[in-house]
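**Q** Sharing a model prediction with you, sequence too.
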Amino acid sequence: MKLTELFAALADIAREKDIEYAVLLDAIRLGILAAYKKTYHANANIDVIVDDSQKKIQIIAKKIVVDSVEDGSMEISLKDAKKISPDAEIGDAVEIEATPPDFGRFAASTCKQIIMQRLKEAEKDKVIKEYSDKEKDMVFGEVSRVAGENVYFNLGKAEGLLPKQEQIPGEPYTPGRKFHCFVLRVDRSTREPLIILSRTHPNLLAKLMELEIPEIMQGVIEIIGIVREPGVRAKVAVHSNQSRVDPVGSCIGSKGVRINVISDELKGERIDVLRWFEDPRLFVASSLSPAKVYSVQIFQNEKRAVVAVSSDQFSLAIGKKGSNVRLASRLTGYKIDMKVMED
């Protein structure tokens, strides 16, 4: 391949693969320099000039002008130096072209290897940037394989990893099934970028609600807080920025149609949507939904709430294996002590 053809090919590759042409030329320069030193066993002060304007690649050796040459690879006599640069003096550095006769073929072969490596690096960089922009966001992917306790997803341009601790307990991850996942981070340490996913993160529920409930996406309804026991139960505190919009009813939808779609996406996780209140007494009472609360006492210094309910509401307020009161406590930030209302 002629050097003119090589430069034209480099320009085409840079354009098609969205790589900066200057970056590609610099990679070529460094790659040829390393390959030249290795092939020709050059230990001198060698540099490579990649001249795009003249479509030339040259090997340049820098030698020090001396009276008596002891090391021909590093030094040049004053007499020979003046043939190159008439103003040369002892101690000057003179640049000498050291391009070998068969350099065109050598350069073309070396460039091919460098280009292949640079394309791989560029593709990796693009994937890292794309999914770095999606960190803390939701993606949709297909289970490609299961290896031990880890589940791997085909995300299109990259592979996603759903570790054991980020899986919903008991959820079947068979190859071919598709799921929404939350992007925790991009692992750059592996040979290929690996996208670390979660099915248990509270923000996965938030993103699913944004997807299914237009009022949240539009900012009419805000999600103030979310807590989950993945695959079992979740509580979501919501607030409306418009008095005429019921935040709880809008999230649940007619006959539960909206929230049921989201629940099905999370292995049937029960989702309690409740109204957020600035007043901690009202918020604690709301957080224990669907139980009806009689009274709430707040002990602010202890971040503790004492809640009284009727005897027929006590088990509902506690929930199965304590899940309702436990989630309410996490959502509100108060330790909740339950008691039966005295007659």
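**A** Arrived safely, thanks for sending.
**Q** all strands of the stretch 151-300 of the chain, in order?
**A** 159-162, 178-187, 194-198, 221-229, 233-240, 270-275, 295-299 (DSSP state E, counting those that start in this stretch).
**Q** Let me have those in a markdown table, extended by mean neighbour count.
**A** Quick note: C-beta positions are derived from backbone N, CA and C, even for glycine. Shown next, in a markdown table, are the strands of the stretch 151-300 of the chain (neighbours: other Cβ atoms under 10 Å):
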| stretch | mean neighbour count |
| --- | --- |
| strand 159-162 | 22 |
| strand 178-187 | 19 |
| strand 194-198 | 22 |
| strand 221-229 | 19 |
| strand 233-240 | 21 |
| strand 270-275 | 21 |
| strand 295-299 | 15 |
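**Q** can you put those strands in CSV and add distance to residue 27 and mean pLDDT?
**A** Formatted as CSV, the entries for the strands of the stretch 151-300 of the chain read as follows, by distance: least, Cβ to Cβ, whole Å; pLDDT from 0 to 100:
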stretch, distance to residue 27, mean pLDDT
strand 159-162, 26, 94
strand 178-187, 23, 94
strand 194-198, 25, 94
strand 221-229, 46, 98
strand 233-240, 50, 98
strand 270-275, 52, 97
strand 295-299, 64, 97
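**Q** Tell me how many other residues crowd the closest residue to residue 173 other than its chain neighbours.
**A** Here the nearest residue to residue 173 in space, its sequence neighbours aside, is residue 151; by Cβ to Cβ, 6 or more residues apart in numbering that works out to 4.4 Å. The number of residues packed around residue 151, counting by other Cβ atoms under 10 Å, is 26.
**Q** what helix or strand does the residue of the chain most remote from its centre sit in?
**A** The outermost residue of the chain, judged by C-alpha distance from the chain's mean C-alpha position using Cα atoms, centre = their mean, is residue 79 at 61.2 Å. Secondary structure here is read from DSSP states H and E; on that basis residue 79 sits in helix 78-84.
**Q** returning to what we had before: turn the strands of the stretch 151-300 of the chain into CSV, including distance to residue 310.
**A** Compiled in CSV, the strands of the stretch 151-300 of the chain are given as follows (distance: least, Cβ to Cβ, whole Å):
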stretch, distance to residue 310
strand 159-162, 44
strand 178-187, 39
strand 194-198, 39
strand 221-229, 25
strand 233-240, 21
strand 270-275, 19
strand 295-299, 11
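**Q** pLDDT at the closest residue to residue 162 other than its chain neighbours, what is it?
**A** Closest residue in space to residue 162, ignoring its immediate chain neighbours: residue 151 at 4.2 Å, by Cβ to Cβ, 6+ apart. Per-residue confidence at residue 151 stands at 98 (pLDDT).
**Q** Tell me who's in contact with residue 192.
**A** Applying Cβ atoms under 8 Å, 6 or more residues apart in numbering, one finds that residue 192 lies in contact with 124, 127, 158-159.
**Q** Among those residues, which one sits closest to residue 251?
**A** For the contacts of residue 192, the minimum distance to residue 251 (Cβ to Cβ) is 32.3 Å, reached by residue 158.
**Q** can you pull the pLDDT of that closest one?
**A** 86.
**Q** Which other helices and strands does the helix or strand bottoming out on mean pLDDT in the chain contact?
**A** For the chain, the helix or strand with the lowest mean confidence is helix 103-132, at a mean of 76 (criterion: mean pLDDT, DSSP states H and E). Using 3 or more Cβ pairs under 8 Å, 6 or more residues apart in numbering; DSSP states H and E as the contact criterion, the secondary-structure elements in contact with helix 103-132 are helix 3-16, helix 21-39, strand 56-66, strand 178-187.
**Q** what do you get if the cut-off is 10 Å, keeping everything else the same?
**A** Contact analysis of helix 103-132 by 3 or more Cβ pairs under 10 Å, 6 or more residues apart in numbering; DSSP states H and E lists helix 3-16, helix 21-39, strand 45-51, strand 56-66, strand 178-187, strand 194-198 as its packing neighbours.
**Q** of all these, which lies closest to residue 212?
**A** Evaluated with Cβ to Cβ, those place strand 178-187 nearest to residue 212, the distance being 10.8 Å.
**Q** next one: that closest one to chain centre, how far?
**A** Mean-position distance between strand 178-187 and its chain equals 8 Å (Cα atoms, centre = their mean, to the nearest Å).
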